[in-house]
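Colleague: pasting the sequence and the predicted model now:
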Amino acid sequence: MSNPRSLISMGAFSMAGNTPLVVQPMIVGAMVDQLGLTERQSGLVASVELMGLTLGILAMIRVMSTAPRVALAVSAVGIIVLADILTCFVSSVAWLLLIRFISGIGAAAAFCVYLNMASSDEHPEHVFAIVNAISIAYSGVLTFVAPYILHAAGLAGLLITLSCMTLLALLTIPWVLRFGPAASRPTKTQQFVSLPSRVAPLLVMMLLLYTGHGAIWAFQERIGVAAGLDDHAVGKWLGLSMLVWGVGGSLLARLLSMTIGRMWPQVISLGASCVAVLLLVYGSTPAAFAISCGLIAFSWFYGLPYQMGLLAARDPKGRAALAGVMMSTGGMALGPALAALLLVGHGHWPIGVLAGICYLCALAIAVPSARAAPILAQARPA
């Protein structure tokens, strides 16, 4: 099991890598309420930021084993903080699209540091579960307080808060140097194209799953407002869902580990996602919104450690896990864009239909992929 200091370092850079997602619903809402953007424009900005994260990960798959971890760590923090500061001074859609795209690239570098360290552990499912719990707790607290920050200091105040939290990751730089696999020269077997074909179905499942998650997450604040809640109540339920259901789901995955295999966790998590989206979009009441937020957080973070652990089992250097993150962030980028295009003046129901279709297709792929998981996990290449 990883040293506590390495877990803190991985947690810090996982939190930095999650910057585009941490309070995305609140930022989308603030762009509408404070900057005067339409819901469609705000959704596209969120989508472009995640596209920067996705493309950044794609670019780093080939360099993560050879690039100095400290250089990646410092660059990641610098890019994220710079993008957040620049965002405070612009309001046009064109500039927001460019700056938030750059922010996504910085987040990709942070993920690279985290996954490079996590994937080398002997029990990656355990590490992913613990680090996910740290990141979810961070997201939950920020989501809970974000409405208060927005009211007191506006969108700029929230972005500065995110920057300060990201800067704290620099304190763990000595541990980034000390822990994790040593850099090595690239070989043909280290390329993304050499990833086992048996991993492909799982990557497709993650793309579909996170397209559904992305569509819901970007507009979850707006859906809550449409259900009759004020922004403080929405922030409360989103924050509590992360802190209670999200952290609980991740810790449950750590506790159960492989006792019920890899298939049943995916069936449980994807089934909960289908129920949640029905409640969220068609419930139209504060109670339905609160329950659905909890189910979404649970389904999201209970299944994730199993997905990432499977990918890490195939590649301790972290390239397969990084490819999985690329697919999930690609889905998180695609989801808001599709949802923004589907928005109509009669409510948010098209988002629910989109997410539901994605979840059902992911479930259809998950079962055979998870059944093959024990075969894939038997041999961890050196």
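Modeller: Done, it's in. Keep in mind that what you see is a predicted model, and the values were worked out from it rather than measured. Residues are numbered from 1 along each chain as shown.
Colleague: helices along the stretch 201-350 of the chain, start to end?
Modeller: Assigned by DSSP state H, counting those that start in this stretch, the stretch 201-350 of the chain shows helices spanning 220-226, 231-240, 247-256, 263-282, 286-314, 319-342, 349-371.
Colleague: what's the angle between the third one and helix 263-282?
Modeller: Read that as helix 247-256. Taking axes from the mean of the first three to the mean of the last three Cα atoms, to 10 degrees, one finds that helix 247-256 is oriented at 170 degrees with respect to helix 263-282.
Colleague: quick one: mean pLDDT over helix 247-256.
Modeller: The predicted model assigns helix 247-256 a mean pLDDT of 83.
Colleague: would you put the C-alpha positions of that helix in CSV?
Modeller: Provided in CSV are the C-alpha atoms of helix 247-256 (Å, rounded to 0.1, in the frame of the first residue of the first chain):
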residue,chain,number,x,y,z
VAL,A,247,-17.1,9.7,-0.5
GLY,A,248,-19.2,6.8,0.9
GLY,A,249,-19.3,5.1,-2.5
SER,A,250,-15.6,5.4,-3.0
LEU,A,251,-14.9,4.1,0.5
LEU,A,252,-17.3,1.3,0.0
ALA,A,253,-15.3,0.3,-3.1
ARG,A,254,-12.2,0.3,-0.9
LEU,A,255,-13.9,-1.8,1.8
LEU,A,256,-15.4,-4.4,-0.5
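Colleague: please enumerate residues in contact with it?
Modeller: Where contact means Cβ atoms under 8 Å, 6 or more residues apart in numbering, the residues beyond helix 247-256 that reach it are 125-126, 129-130, 132-133, 136-137, 140, 265, 269, 297-306. For every residue, glycine as well, the C-beta is placed using N, CA and C.
Colleague: run a quick neighbour tally on Leu279.
Modeller: Number of residues near Leu279 (other Cβ atoms under 10 Å) recorded here: 21.
Colleague: ok, longest helix in this protein?
Modeller: Longest among the helix segments of the chain by residue count, using DSSP state H, is helix 124-167.
Colleague: quick one: average pLDDT of that one?
Modeller: 85.
Colleague: same question, stretch 227-243
Modeller: Stretch 227-243 comes out at a mean pLDDT of 82.
Colleague: contact partners of the strand or helix carrying Ile80?
Modeller: Per DSSP states H and E, Ile80 falls inside helix 69-87. Helix 69-87 has contacts (Cβ under 8 Å, 6+ apart) with 13, 16-17, 19, 60, 64, 96, 99-100, 102-103, 105-110, 112-113, 116-117, 155-156, 159-160, 162-163, 166-167, 169-170, 173, 176-177, 180, 183.
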